[in-house]
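**Q** coords below, sequence missing:
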């Protein structure tokens, strides 16, 4: 056990130790995250699973570097996180696509900022547009795409700069159930094709169990890790297998007791 | 083929005017006409040219139906007007002339300089020149200033008190001061318009930039965009629809403010023409002037809208 833990820390890409975050409000300090410990290993699909407004998004914002920690240490590849970086790609729940850009424009945006030449960046962007299954929609604007397709563009945009880590903040939260299932399968396929460390936030237990190598169950605000589950089920997972259902029942039970 | 169809329309309008006007006007028509109408013609050509795609894509039947409905409202007003004045004689022609009389006066005014010393085109052109000058100045200063105020809080703090003080003063209230300072020439009118356009541009550009989403700026941050890249590639594209709204509103207020200014202080222009016509009781010319003001305003607005559709792709425009 300790051997494995050692090795885990050794090749962990993201390391949070005792991270705290609080926001100043008129009624005083409001603590959102308290003593949060997390290690994300290389090419691991890590799911942060917790109730509604428990601070999961704040955790993603901290790891991305949009916000600064109030206490503790948050390291990416051994260095303290101070600001956002192309090596930590983010997929937003709201997609945050630029409505004035086409699919191609959105996907190649990161490479453009990185100063990659037009021909090269379009080739690379096309590669990821194909990966997410959007060939033929390169010239469409976000308003012309469905919710699921927009999120595919968001995933392709994050992938295009070849980040070390993908941070996904409830990317499928705004989709209808049917599209959501489809996108989960798609994400699983994309992740198998292009392995990355993924930190995925959700409040949907089925989604968590379908995608995760490891699930961290969080407590309600202030958020901290309540329990860890390593999910060893073979992929692609069967949503109605007895093992799946048993895990689902157990984790749901834990969740209920935290509320 | 699409081009061909759009282009053939224009010479026809042109020749129609050429045939019609000599019938009711004097000789120097052609020169003044080609000079004065160049703008309108150019505007129509531009309109047809830039809307040709959307226009021809639409099903022919529906296209005709829409066109009919649009023409119907104008036609209805003219018919009611005709019935009230020319048939029922609710008011004598010397007080409120009917559409036929107004149309005749319009044709006359294209070639006659009486009673106010210039043809309609000359007045129109004089007004447009002043309006566009003041407007352009207001837009060129107002849009960047609005953007700067929204983007940088120091600029905001510095400019805002001045802006809040100037904003409630109506354009016309400036005129007495400007007349004392600059006389009744182009400067005082251009300044009134400049102020009106400036305020509309600042307010809308400011609001537009403020609508920039935090997540969009975060996307810029993730990919290492610099401050100016975030401003020019994220905030300004977000604000474009609002900036264009500002430009359109400003153009409308410029045009209205101008005519009001001309009523008070001018020797030329549509407002002056209307004022002179009132002094000598020529309601037909007053109405011609009013309709000219309305038509030019509508054409301006339509032109800016077309530019907006082209520039602000994917934003509020449904393709």
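**A** Cool, the structure landed. Only a predicted model underlies this, so the values are computations on that prediction, with no experimental measurement involved.
**Q** When you work out contacts or count neighbours from here on, use the C-alpha atoms and nothing else.
**A** Noted.
**Q** Tell me where the chain has helices.
**A** I'll assume chain A. Counting by DSSP state H, chain A has helices at residues A:2-10, A:56-64, A:103-113, A:118-131, A:147-160, A:177-193, A:205-211, A:242-258.
**Q** Can you look at chain B instead?
**A** Counting by DSSP H, the helices of chain B are B:2-24, B:29-36, B:38-57, B:60-82, B:99-109, B:120-151, B:153-166, B:171-182, B:186-210, B:214-222, B:227-230, B:236-264, B:270-279, B:283-311.
**Q** can you pull the buried residues of the fifth one?
**A** Okay, so that is helix B:99-109. The neighbour-count check on helix B:99-109 (16 or more other C-alpha atoms under 10 Å in any protein chain shown) flags B:99, B:102-103, B:105-109 as buried.
**Q** With distance to chain A and mean pLDDT added, can I get the helices of chain B in CSV?
**A** Shown next, in CSV, are the helices of chain B (distance: least, C-alpha to the nearest C-alpha, whole Å; pLDDT from 0 to 100):
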stretch, distance to chain A, mean pLDDT
helix B:2-24, 24, 39
helix B:29-36, 39, 44
helix B:38-57, 17, 59
helix B:60-82, 24, 86
helix B:99-109, 45, 90
helix B:120-151, 18, 93
helix B:153-166, 21, 92
helix B:171-182, 36, 86
helix B:186-210, 14, 91
helix B:214-222, 5, 93
helix B:227-230, 9, 93
helix B:236-264, 7, 87
helix B:270-279, 40, 89
helix B:283-311, 9, 88
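**Q** looking at those, which is buried most?
**A** Mean neighbour count (mean count of other C-alpha atoms under 10 Å in any protein chain shown) peaks for helix B:186-210 among these, with a mean of 26.
**Q** possible to save the helices of chain B as CSV with distance to residue A:229?
**A** Below are the helices of chain B laid out as CSV (distance: least, C-alpha to C-alpha, whole Å):
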stretch, distance to residue A:229
helix B:2-24, 65
helix B:29-36, 81
helix B:38-57, 57
helix B:60-82, 62
helix B:99-109, 84
helix B:120-151, 46
helix B:153-166, 48
helix B:171-182, 70
helix B:186-210, 44
helix B:214-222, 30
helix B:227-230, 41
helix B:236-264, 43
helix B:270-279, 80
helix B:283-311, 51
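**Q** number of nearby residues for the nearest residue to residue A:163 once chain neighbours are set aside?
**A** Excluding the flanking residues, the one nearest residue A:163 by C-alpha to C-alpha, 6 or more residues apart in numbering or on different chains is residue A:87, at 4.0 Å. By other C-alpha atoms under 10 Å in any protein chain shown, the residues close to residue A:87 number 18.
**Q** and if you look at residue A:110?
**A** With other C-alpha under 10 Å as criterion, residue A:110 counts 28.
**Q** need the residues of chain A near chain B, please.
**A** Applying C-alpha under 8 Å from any C-alpha of the partner chain, we find that chain A lies next to chain B at A:64, A:66, A:84-86, A:88-90, A:92, A:96-101, A:110-111, A:113-114, A:141-143.
**Q** Quick one, grab the pLDDT at residue B:318.
**A** We have a pLDDT of 40 for residue B:318.
**Q** scratch that, residue A:16 is what I was asking about
**A** For residue A:16, the model assigns a pLDDT of 91.
**Q** Check whether it really touches residue A:36, as I assumed.
**A** Yes: here residue A:16 reaches residue A:36: they are 6.8 Å apart, a contact under C-alpha atoms under 8 Å.
**Q** For the residue nearest to residue A:163, list the residues it contacts.
**A** A:161-165 (C-alpha atoms under 8 Å, 6 or more residues apart in numbering or on different chains).
**Q** again, only this time at 10 Å
**A** Counting by C-alpha atoms under 10 Å, 6 or more residues apart in numbering or on different chains, residue A:87 touches A:64, A:76, A:158-159, A:161-166, B:222-223.
**Q** quick one: pLDDT of it?
**A** Reading off the confidence values, residue A:87 has pLDDT 91.
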